[in-house]
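K.L.:
A predicted structure for the sequence below; I have some questions about it.
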Amino acid sequence: MIFSAALSKILTLSSIAILLTLSGCNLFHKTSEAPKTETSPVATSDIPSPWQKPQLLHSLDTDSSPIVSITLSPNSKTILASTFRGEVKMWDLESGELILQEKIGTEIRAIRFSPNGQTVASGDADHNLKLWDLATGNLLRTFEGHQAVVESLDFSPDGQTLVSGSWDQTLKLWSIDTGKLLDTLEGNQDMITSVAFSPDGKVIVNGAFDGSIRLWDLISPESPRRFGGHSAPIQQVKFAPNGKIIASSSSDNTVKLWDLSNGRILHAFTAHTDVVTDIAFSSDGQILASTSQDETLKIWNVATGELINSLSGNFVTRLAIAPNSRFLVTGDQDGQVQIWQVEQLE
């Protein structure tokens, strides 16, 4: 087995938090029925044409339950996804070939590939973080210290530190090598829903269920900066690749881009009509993609705030853009993972 714990991730909707309870045994099969998706491009200028017309490359079925977590390997070769029922699958990103399928038992809210792609970290409902060896499937380490569900996690860019965000309202920093707790960051007033390292590893951002965003300078973490602009729970927070901008998505149906130099909102994207479940930057930082409970995937120009494209037809719960920006991967409410090609294959 590659893991001995189930992977699930909470969806904080506007009025409820869905608890995912998973169990099961190993199953091995795959299907590739394409979703019914309509494309509605929005005319704009000076935008790379592939983002205006991404092509559906593969549609991959899981177990007909919502996708709750997606992570892509740093080399842009594999996808790892988990479903509401705890089924975990890994595919080859370019071919869509199924590499691994398992159904496992402990509730896990988040998964991430390490920067070197050799390990995977998971956060679970038993208050633990776990580190797994991808080649052998062995459990390398368990990090213990949270007092509630571990909802989100991220690796530092050098792969030496893991940050976790929990329903216990704290962030914790862990040493990958020793498993020791390095620091606990306190100050949030509600459950933490998302956390991310900056590209230089010096700053951490987190979003919370009360709609707040906090920015932590790890040199002086005692006084985090607070950003208030959302009126409902934060779904996701992400750093732009240049580290100067953060994006946030919320149950208030909006996406906001923040200038970290002054804390001001650069753009507020309001075209979604329901909870914005996930966001992702392209590797060059020019594109931001967002997914929503309104059954649309939208693609934005970061510099101008223009809507480049809107794809409709599925309630997409999770989203990722490959590090090489050649593929966009979505997971939806019906348990399908879609791989979209945004650049011609060489």
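P.N.:
Looks like it arrived, so ask away. Note that the coordinates shown come from a computational prediction; the quantities given were computed from them, not determined experimentally.
K.L.:
buried residues in stretch 168-182, which are they?
P.N.:
For stretch 168-182, the neighbour count (16 or more other Cβ atoms under 10 Å) marks Asp168, Gln169, Thr170, Leu171, Lys172, Leu173, Trp174, Ile176 as buried. In this view, the C-beta of every residue, glycine as well, is placed from N, C-alpha and C.
K.L.:
residues in contact with the third one?
P.N.:
Contact partners of Thr170, counting by Cβ atoms under 8 Å, 6 or more residues apart in numbering, are His146, Thr184, Leu185, Glu186, Asn188, Ile192.
K.L.:
ranking the residues you listed by neighbours, who comes first?
P.N.:
The residue in the contacts of Thr170 with the most neighbours, by other Cβ atoms under 10 Å, is Ile192 (26 neighbours).
K.L.:
which residues touch it?
P.N.:
For Ile192, the contacting residues are Glu151, Ser152, Gly165, Ser166, Trp167, Gln169, Thr170, Leu171, Asn206, Gly207, Ala208, Phe209, by Cβ under 8 Å, 6+ apart.
K.L.:
weed out the non-buried ones from those.
P.N.:
Neighbour-count burial (16+ other Cβ under 10 Å) is assigned, among those, to Glu151, Ser152, Gly165, Ser166, Trp167, Gln169, Thr170, Leu171, Asn206, Gly207, Ala208, Phe209.
K.L.:
before we move on, the earlier item: which one of the contacts of Ile192 is nearest Trp340?
P.N.:
Of all these, Trp340 sits closest to Ser152, with 24.5 Å by Cβ to Cβ.
K.L.:
show me the contacts for that closest one.
P.N.:
Applying Cβ under 8 Å, 6+ apart to Ser152 gives the contacts Arg109, Ala110, Gly123, Ser164, Gly165, Ile192, Thr193, Ser194, Val195, Asn206.
K.L.:
ok, now how distant is the last one from Ser220?
P.N.:
Yep, that's Asn206 we're talking about. To Ser220, Asn206 is 16 Å away according to Cβ to Cβ, to the nearest Å.
K.L.:
what does the first one give?
P.N.:
Between Arg109 and Ser220 the distance, using Cβ to Cβ, works out to 29 Å.
K.L.:
please say which of the two ends up with more neighbours.
P.N.:
Counted by other Cβ under 10 Å, Arg109 and Ser220 do not tie: Arg109 has more neighbours, with 26 against 8.
K.L.:
chain center to the helix or strand the more buried one falls within: distance?
P.N.:
Arg109 is part of strand 108-113, with elements assigned from DSSP states H and E. Distance of strand 108-113 from the chain centroid (Cα atoms, centre = their mean, to the nearest Å) equals 9 Å.
K.L.:
heads up, I number from 27, so please use that
P.N.:
All set: I'll call the first residue 27, so the last point we hit is now strand 134-139.
K.L.:
strands paired with it, and their directions?
P.N.:
Neighbouring strands of strand 134-139 in its sheet, by DSSP bridges, are strand 145-150 (antiparallel).
K.L.:
check which residues of the partner strand are buried.
P.N.:
Thr145, Val146, Ala147, Ser148, Gly149, Asp150.
K.L.:
in strands, which of the buried ones among the contacts of Ile218 fall?
P.N.:
With strands taken from DSSP state E, the overlap with those comprises Glu177, Ser178, Gly191, Ser192, Leu197, Asn232, Gly233, Ala234.
K.L.:
and the two most separated of the residues you listed?
P.N.:
Largest pairwise distance in these, by Cβ to Cβ, is 13.0 Å, between Ser192 and Gly233.
K.L.:
pLDDT below threshold where in the stretch 77-226 of the chain?
P.N.:
Applying pLDDT under 70 to the stretch 77-226 of the chain picks out residues 88-90, 110-113, 129-132.
K.L.:
double-check Lys115 against Glu123; I have them as touching.
P.N.:
No - between Lys115 and Glu123 there is no contact, the gap being 11.2 Å when judged by Cβ atoms under 8 Å.
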